[in-house]
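K.L.:
Pasting a predicted model and its sequence here:
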Amino acid sequence: MKQTLLWDECPGEVRAGLLKDGKLVELRIFRPQASSLVPTTIYTARIKQRLGGGKAIVDLGSLIEAQLENAPDMPEGHLLAVELVRSAIPEPGRWKLPLVRTAPDVSAQSTVGLHPGQEPRKWFVARMLVSVDEVVCANANVARDLRSDIADEGLRISIDPERIEQADLDSLVESAVSGEFAIDGGVVSIERTRAMTMIDIDGSGDPVALNLAAAREIPRLLRLLDIGGQVGIDFLAMPDRAARQNLDSALATACVHLGPHERTAANGFGFVQIIRPRHGPSAPEILCGITPGRLSVESKAVALLRAATRSHGHGKRRLVATPAVIDKLQGWLSEIQKLRKILGTEIELVPDSSATGYGHVHVSHI
């Protein structure tokens, strides 16, 4: 089975799409300006506040806090080595702190911070290249930068912008933000709550047929969008036990390629729960942050950079957006510099309170 990685990179973001035999099975998003913690990396932490239930808040340095599970009996201010289990997770209206656990085999250093480990981008590259036969990039500059992060010098890297365009990752991103995905005769809706990810099925056709179509599609979407943790699926009411058993069988078959997970059988109300490992935010969480259903300010800033990268012309680019988006971009000087280098022209950031969406790019003809 041939595996190809589509590497769609622009300033501020990498979209990595994994193809298996030509079908997109995974979309992963990496944002260098937002990714500072790497799972399984060891940090020196300082116990900042002890909580109930054997938990504590620890300081990882650089104003980063994390929650420590099964905290050892140590006083506040004590240093210890911890391992990152899960990076910060956005929930509706708030962020959950990164999750760490003690690393007893590593001695704590004298100051808080990162032990020598893998740089976030290189960790992401290595994660995505497992068992990949080929990487496809949109242009030679992206291919060159990626090559510098790859240990396997024999891995084939090709340049094929049309192939990336055909994957239509933009449409997938739009669906990930809205949470709505079409199935035969209906639609699957994915909604984030603080308790779990809820999935609903709607349609006007036969309920049994709709349920079976959803059962075949939902595991694919969970893997595609990297949705982990607790997932609740509210299937349509079924007429009898035989229908529930057929649904369970279809769901079990579809979950074969889902990876490690636990799954309950459909109860009398048609509710099923799936639990998957969760090491960081899913694609919808990265795109929407704490505002489910719409792009976060960070995502709007990235979208504006992507639009600027795709713009044509030789004149100066004026990136116009709301003050919040422009403020975000002004803090990403390295990404603006990358954009300036790609386009070979000056970049001007213009705040405009009346701007809609993520803003727009104006190409000067002077």
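P.N.:
Arrived safely. Just so it is clear, the structure is predicted and the values come from calculations on it, not from any experiment.

K.L.:
how close does residue 166 sit to residue 10?
P.N.:
18 Å (Cβ to Cβ, to the nearest Å). C-betas here are computed from N, CA, C, even on glycine.

K.L.:
Likewise for residue 80?
P.N.:
Relative to residue 10, and taking Cβ to Cβ, residue 80 is found at 40 Å.

K.L.:
before we move on, the earlier item: neighbour count winner among residue 166 and residue 10?
P.N.:
A count of neighbours by other Cβ atoms under 10 Å puts residue 10 above the other of residue 166 and residue 10, at 21 against 10.

K.L.:
Check what pLDDT that one gets.
P.N.:
As predicted, residue 10 sits at a pLDDT of 96.

K.L.:
Test my guess that it contacts residue 309.
P.N.:
Yes: applying Cβ atoms under 8 Å, one finds residue 10 in contact with residue 309, separated by 4.4 Å.

K.L.:
Can you check which residues contact both of these two?
P.N.:
Taking Cβ atoms under 8 Å, 6 or more residues apart in numbering as the contact rule, residue 10 and residue 309 touch no residue in common.

K.L.:
Over to stretch 200-211 now: how far is its first residue from its last?
P.N.:
One end of stretch 200-211 sits 10 Å from the other (Cα to Cα, to the nearest Å).

K.L.:
what is the mean pLDDT for it?
P.N.:
Per-residue pLDDT values over stretch 200-211 give a mean of 93.

K.L.:
got it, and stretch 240-247?
P.N.:
Stretch 240-247 shows an average pLDDT of 93 in the prediction.

K.L.:
Check stretch 63-80 too.
P.N.:
Here the average pLDDT along stretch 63-80 is 90.

K.L.:
what's the answer for stretch 349-365, then?
P.N.:
Stretch 349-365 carries an average pLDDT of 95.

K.L.:
For it, C-alpha coordinates in PDB please.
P.N.:
Only the C-alpha atoms of stretch 349-365 are listed here, as PDB (Å, rounded to 0.1, in the frame of the first residue of the first chain):
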ATOM      1  CA  LEU A 349      -0.100  45.300   7.700                       C
ATOM      2  CA  VAL A 350      -3.200  47.500   7.800                       C
ATOM      3  CA  PRO A 351      -5.900  47.300  10.600                       C
ATOM      4  CA  ASP A 352      -9.400  48.000   9.500                       C
ATOM      5  CA  SER A 353     -12.300  47.600  11.900                       C
ATOM      6  CA  SER A 354     -14.800  47.200   9.000                       C
ATOM      7  CA  ALA A 355     -12.900  44.200   7.500                       C
ATOM      8  CA  THR A 356     -14.900  41.000   7.200                       C
ATOM      9  CA  GLY A 357     -13.800  37.300   7.300                       C
ATOM     10  CA  TYR A 358     -10.100  37.000   7.600                       C
ATOM     11  CA  GLY A 359      -9.500  40.200   5.700                       C
ATOM     12  CA  HIS A 360      -8.100  40.700   2.200                       C
ATOM     13  CA  VAL A 361      -4.800  41.200   0.300                       C
ATOM     14  CA  HIS A 362      -4.300  44.300  -1.900                       C
ATOM     15  CA  VAL A 363      -1.500  44.200  -4.500                       C
ATOM     16  CA  SER A 364       0.000  47.600  -5.300                       C
ATOM     17  CA  HIS A 365       0.600  48.400  -9.000                       C
END
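
K.L.:
Name the SS class of residue 309, please.
P.N.:
Of the three states, residue 309 takes helix under DSSP: H, G, I helix; E, B strand; the rest coil.

K.L.:
Would you map the strands across the stretch 51-200 of the chain?
P.N.:
56-61, 64-68, 79-86, 89-91, 94-96, 99-102, 113-114, 134-137, 156-159, 180-183, 186-192, 197-203 (DSSP state E, counting those that start in this stretch).

K.L.:
Columns distance to residue 24 and mean neighbour count on top of those, output as TSV?
P.N.:
As requested, the strands of the stretch 51-200 of the chain are exported to TSV (distance: least, Cβ to Cβ, whole Å; neighbours: other Cβ atoms under 10 Å):
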stretch	distance to residue 24	mean neighbour count
strand 56-61	35	21
strand 64-68	33	20
strand 79-86	25	20
strand 89-91	24	18
strand 94-96	29	12
strand 99-102	29	20
strand 113-114	34	16
strand 134-137	12	21
strand 156-159	17	13
strand 180-183	13	18
strand 186-192	17	19
strand 197-203	20	19
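
K.L.:
could you redo these as a markdown table and give each row distance to residue 243?
P.N.:
Shown next, in a markdown table, are the strands of the stretch 51-200 of the chain (distance: least, Cβ to Cβ, whole Å):
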| stretch | distance to residue 243 |
| --- | --- |
| strand 56-61 | 48 |
| strand 64-68 | 42 |
| strand 79-86 | 37 |
| strand 89-91 | 34 |
| strand 94-96 | 37 |
| strand 99-102 | 39 |
| strand 113-114 | 53 |
| strand 134-137 | 43 |
| strand 156-159 | 47 |
| strand 180-183 | 17 |
| strand 186-192 | 16 |
| strand 197-203 | 14 |
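
K.L.:
Would you mind telling me which of those is nearest residue 42?
P.N.:
The minimum distance between residue 42 and the strands of the stretch 51-200 of the chain falls on strand 79-86, with 5.6 Å, by Cβ to Cβ.

K.L.:
tell me the angle of the closest one relative to strand 56-61?
P.N.:
Between strand 79-86 and strand 56-61, the angle formed by their directions is 100 degrees, by axes from the mean of the first three to the mean of the last three Cα atoms, to 10 degrees.

K.L.:
got the angle between strand 79-86 and strand 64-68?
P.N.:
Orientation of strand 79-86 against strand 64-68 (the same axes, to 10 degrees) gives an angle of 90 degrees.
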